[in-house]
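Trainee: Test case, fold it:
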Amino acid sequence: AAPTVSDVIDDEVVRAGGAGRCRMIANYGVGVNHIDLSAAASHGITVSNTPGVLTDATADLTLTLMLMLCRRAGEGERELRAGEWSGWRPTHLVGRQMTGKTLGIIGMGRIGRAVAHRAHFGFGMEIVFQNRSPVDDGAGVGGRQLASVAEVCAASDFVSLHCAATPETRHILGREALAAMSPSAYVINTARGDVVDEDALVAALESGAIGGAGLDVFQGEPKVNPAIMAAPNTVLLPHLGSATEETRVAMGMKVVENARAFAMGEALPDKVG
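Mentor: Got it, this is the predicted structure:
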């Protein structure tokens, strides 16, 4: 089977493949948290990724999850397919509007900015965000940068994660941050599963501490926590963030460009580290 982002490429894997034989790992994707970069460097292996070309597709999917949650579209589809719909009535699956609400973004990089632009200019949403470094222009949407993840959670109707998966961001959305959220607020994760403490998320979902969660990534994917699967107030997708024909072709071309540059002894366009 082809390797996935769940398959760890560590020192053991490199050695099993023949240390010294592998010269480059051209990653088909942006995230490289499944690659032991220190091990790669110690064996003289160059690593590249495919940034930039996934931005629009991932941002679009983020908005999809937001809309599905607040309009209870996932619940509605499940009910309809199960043959349980009894007809229109004024109190049936009443959700909430997204227009005019506040979106909190964790990680204001390329994808975070793209989500902010769509939410602000498309839905009139106010933007607050947390980023490890200062963002001087308010991300181009008049956004307010706050000091902590908990502050963003307290101020937001939606909290969307767009930070890289690193040791520093592991469980960046944990019990403290979730406790700061409103009971009607939603968590959206299209980044990496490790940035959310799934045990804390399950507790928040089951207790009603938050309104719901829209997840495209999971901590142990492709396995998914059964409690998350069972929660009715979740919308779950199988890591589809970059899954458009246009994006996957562009990712492949990025891989080819980096591999060609490496073979020609040129600087890699997207070298990692």
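
Trainee: Now stretch 262-273: buried residues?
Mentor: Neighbour counts over stretch 262-273 (16 or more other Cβ atoms under 10 Å) mark 262, 268, 270, 272 as buried. (Glycine included, C-beta is placed from N, CA and C.)

Trainee: contacting residues around residue 131?
Mentor: 107-109, 112, 145 (Cβ atoms under 8 Å, 6 or more residues apart in numbering).

Trainee: so which helix or strand takes in the nearest residue to residue 210 once chain neighbours are set aside?
Mentor: In this structure, residue 210 finds its nearest non-sequential neighbour in residue 204, 4.6 Å apart by Cβ to Cβ, 6 or more residues apart in numbering. Element membership for residue 204, per DSSP states H and E: helix 198-207.

Trainee: Packing partners of that helix?
Mentor: helix 175-179, strand 212-215, helix 226-230 (3 or more Cβ pairs under 8 Å, 6 or more residues apart in numbering; DSSP states H and E).

Trainee: which residues are in contact with the shortest one?
Mentor: Under the contact criterion Cβ under 8 Å, 6+ apart, strand 212-215 has outside partners 65-66, 68-69, 186-189, 193, 196, 201, 205, 228, 231, 233-237.

Trainee: what bridges to residue 106?
Mentor: residue 130, residue 161 (DSSP bridges).

Trainee: For it, give its distance to residue 232.
Mentor: Separation of residue 106 from residue 232 (Cβ to Cβ, to the nearest Å) stands at 25 Å.

Trainee: between these two, who's got more neighbours?
Mentor: Neighbour totals were compared for residue 106 and residue 232, and residue 106 leads with 26 against 10 (other Cβ atoms under 10 Å).

Trainee: Let me know how buried residue 184 is, in neighbour terms.
Mentor: Residues contacting residue 184 under the criterion other Cβ under 10 Å number 13.

Trainee: Excluding covalently adjacent residues, which one is nearest to it?
Mentor: residue 211 (4.6 Å).

Trainee: Just give the number of residues close to the one you found.
Mentor: Residues lying near residue 211 (other Cβ under 10 Å) number 21.

Trainee: Could you do residue 56 as well?
Mentor: 18.

Trainee: If any of the contacts of strand 212-215 are buried, put those into a PyMOL selection.
Mentor: Only the buried entries of the contacts of strand 212-215 go into this PyMOL selection, using 16+ other Cβ under 10 Å:
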select buried, resi 65+66+68+69+186+187+188+189+193+196+201+205+228+231+233+234+235+237
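
Trainee: what are the ranges of the helices in the chain?
Mentor: Taking DSSP state H, the helices of the chain run over residues 11-16, 37-42, 55-70, 73-81, 110-123, 149-155, 175-179, 198-207, 226-230, 245-263.

Trainee: Need those in TSV (columns: distance to residue 140).
Mentor: TSV is the format used below for the helices of the chain (distance: least, Cβ to Cβ, whole Å):
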stretch	distance to residue 140
helix 11-16	41
helix 37-42	31
helix 55-70	14
helix 73-81	29
helix 110-123	7
helix 149-155	18
helix 175-179	25
helix 198-207	30
helix 226-230	34
helix 245-263	22
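
Trainee: any chance of these in JSON lines, plus distance to residue 219 and mean pLDDT?
Mentor: Formatted as JSON lines, the helices of the chain follow (distance: least, Cβ to Cβ, whole Å; pLDDT from 0 to 100):
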{"stretch": "helix 11-16", "distance to residue 219": "21", "mean pLDDT": "85"}
{"stretch": "helix 37-42", "distance to residue 219": "20", "mean pLDDT": "92"}
{"stretch": "helix 55-70", "distance to residue 219": "17", "mean pLDDT": "98"}
{"stretch": "helix 73-81", "distance to residue 219": "20", "mean pLDDT": "97"}
{"stretch": "helix 110-123", "distance to residue 219": "20", "mean pLDDT": "98"}
{"stretch": "helix 149-155", "distance to residue 219": "17", "mean pLDDT": "99"}
{"stretch": "helix 175-179", "distance to residue 219": "15", "mean pLDDT": "98"}
{"stretch": "helix 198-207", "distance to residue 219": "5", "mean pLDDT": "98"}
{"stretch": "helix 226-230", "distance to residue 219": "10", "mean pLDDT": "97"}
{"stretch": "helix 245-263", "distance to residue 219": "24", "mean pLDDT": "98"}
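
Trainee: All set, thanks.
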